[in-house]
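[1] Here is the input, now give the coordinates:
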Amino acid sequence: MVIVSICSAQDSSTIDYKLRKQIVVGGNVAAYSGTMIGLYSLWYKDYPFEKFHFFNDNKQWLQMDKVGHSFSCYYEGVAGIEMMKWAGYSKKQYSIIGGSFGFLIQTGVEVLDGFSTGWGASHGDIAANTVGSGLAISQSLLWDEQRIWMKYYYSASQYPQHRPNALGSNLPERMLKDYNAQTYWLSANVKSFMKKDSKWPAWLNVAAGYGADGMVGGTDNTFISDDIEYDYRSIFKRSRQFYLSPDIDLTRIKTKRKGVRALLVVANCIKFPMPALEYHTNEGIRAHWIHF
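    Numbering: from 1, shown residues only. Below you'll find the model as predicted:
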């Protein structure tokens, strides 16, 4: 693999970095292999394989699934960057190789999809994977930090009860599958773009969000389940929501405790509840005292 050949270049100055490189490379190769084998066993083995093919799903779910792909690749890339930085790789190496972790993981899934008769590889998914990884990589190369974070929030919707097999029958499933309940944000740290003597609070961000609702089907609100055709088009109106809101960058909170620091970085993927201005494509502009 490319990762193995590049990451095998060791920093001979310290034994500790040599060991760290071995841990990072070995751990990631084992984790990647295990993930692909597990996905095949649990998801793909019951479907025959055929010639590699693509499936166009770009119009489904008002593109919320594509934003979700970008979000996953972004955070997998941020994690890869931090791992390779810890192992002592150069800025260019940990930015490009580490930041590509998400793309490699998610695109590996697309390859399995492409050979399966039950699915197909998606151009849109691959493009979204590239955007998420690119956001992590470009910021690491430019600033050696993440100034613009992708964030997520889940707020339960009414729609899974109408189609639990597609939108989730329990909370963990709904957090992943119910695109009506998800909001994704780009949260920019304003202070990091200003002069050092600026009085703007270092932890105060400005965030732009995107969400959608009214969806019980991929491209429209019709679907077939157990040989019964359902039509919700006259009941639920599909819509998009765009948001503007302040946010808190938890990574800017100073602490000397590494454990607390790690928790703040992990928690920073969640949008902090703050006032928000919303534009709803069906209902116009709305203001919220608190929104996620």
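
[2] List phi and psi for the nearest residue to residue 61 once chain neighbours are set aside.
    Leaving aside its sequence neighbours, residue 61 sits nearest to residue 179 (C-beta to C-beta, 6 or more residues apart in numbering; 4.8 Å). Quick note: C-beta positions are derived from backbone N, CA and C, even for glycine. Backbone torsions for residue 179, taken as degrees, to the nearest 10, come to phi -70, psi -20.

[3] do you know how far residue 179 is from residue 65?
    Noted for residue 179: a distance of 6 Å to residue 65, by C-beta to C-beta, to the nearest Å.

[4] ditto for residue 45
    Taking C-beta to C-beta, one finds residue 45 at 24 Å from residue 65.

[5] I'd like to know how many residues surround the residue nearest to residue 61.
    23 (other C-beta atoms under 10 Å).

[6] isn't it right up against residue 214?
    No. Using C-beta atoms under 8 Å, residue 179 is not in contact with residue 214, being 10.5 Å away.

[7] Distance-wise, check residue 251 relative to residue 266.
    10 Å.

[8] Spatially central residue in the chain, please.
    residue 71 (1.8 Å; C-alpha atoms, centre = their mean).

[9] List the residues that contact that residue.
    By C-beta atoms under 8 Å, 6 or more residues apart in numbering, the contact set of residue 71 is 132, 150, 152, 184.

[10] ok, the first one - contacts?
    Translated: residue 132. By C-beta under 8 Å, 6+ apart, residue 132 lies in contact with 69-74, 77, 102-103, 150.

[11] Sort out which of the residues you listed are in strands and list them.
    residue 150 (DSSP state E).

[12] export the contacts of residue 132 to TSV and tack on pLDDT?
    Formatted as TSV, the contacts of residue 132 follow (pLDDT from 0 to 100):
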residue	pLDDT
69	95
70	97
71	97
72	94
73	96
74	97
77	95
102	92
103	94
150	97
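
[13] could the contacts of residue 132 be laid out in a markdown table, adding distance to residue 224?
    Shown next, in a markdown table, are these (distance: C-beta to C-beta, whole Å):
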| residue | distance to residue 224 |
| --- | --- |
| 69 | 26 |
| 70 | 30 |
| 71 | 30 |
| 72 | 29 |
| 73 | 32 |
| 74 | 35 |
| 77 | 38 |
| 102 | 34 |
| 103 | 34 |
| 150 | 34 |
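
[14] Looking at residue 251 and residue 266, which is more packed in?
    A count of neighbours by other C-beta under 10 Å puts residue 251 above the other of residue 251 and residue 266, at 16 against 12.

[15] Surely the more buried one touches residue 267?
    No. At 9.2 Å, residue 251 does not count as touching residue 267 under the criterion of C-beta under 8 Å.

[16] Once you drop chain neighbours, what's closest to the residue nearest to the centre of the chain?
    Residue 71 sits nearest to residue 150 (C-beta to C-beta, 6+ apart), 5.0 Å away.

[17] Burial check on that neighbour, number of neighbours?
    By other C-beta under 10 Å, the burial measure for residue 150, its neighbour count, is 23.

[18] And the helices in this protein?
    For the chain, applying DSSP state H gives helices covering 2-7, 15-39, 64-86, 91-93, 99, 101-115, 123-143, 164-167, 171-177, 258-267.

[19] just so I know, which of the ones you listed lies nearest residue 204?
    Smallest distance to residue 204 across those (C-beta to C-beta): 15.2 Å, for helix 258-267.

[20] Which residues outside the closest one are in contact with it?
    In contact with helix 258-267 (C-beta under 8 Å, 6+ apart) are residues 82, 250-251, 253, 255.

[21] Now that we have the residues you listed, which of them are buried?
    Neighbour-count burial (16 or more other C-beta atoms under 10 Å) is assigned, among the contacts of helix 258-267, to 250-251.

[22] Spatially, which two of the contacts of helix 258-267 are the most separated?
    82 and 253 (17.2 Å).

[23] Below-threshold pLDDT in this structure: ranges please.
    Along the chain, the parts satisfying pLDDT under 70 run over 1-15, 42.

[24] Which residue ranges make up each domain of it?
    Following automatic domain parsing, the chain resolves into domains at 1-146, 147-292.

[25] Need the winner for burial among these.
    Neighbour counts (mean count of other C-beta atoms under 10 Å) averaged over each of those peak at domain 1-146, with a mean of 17.
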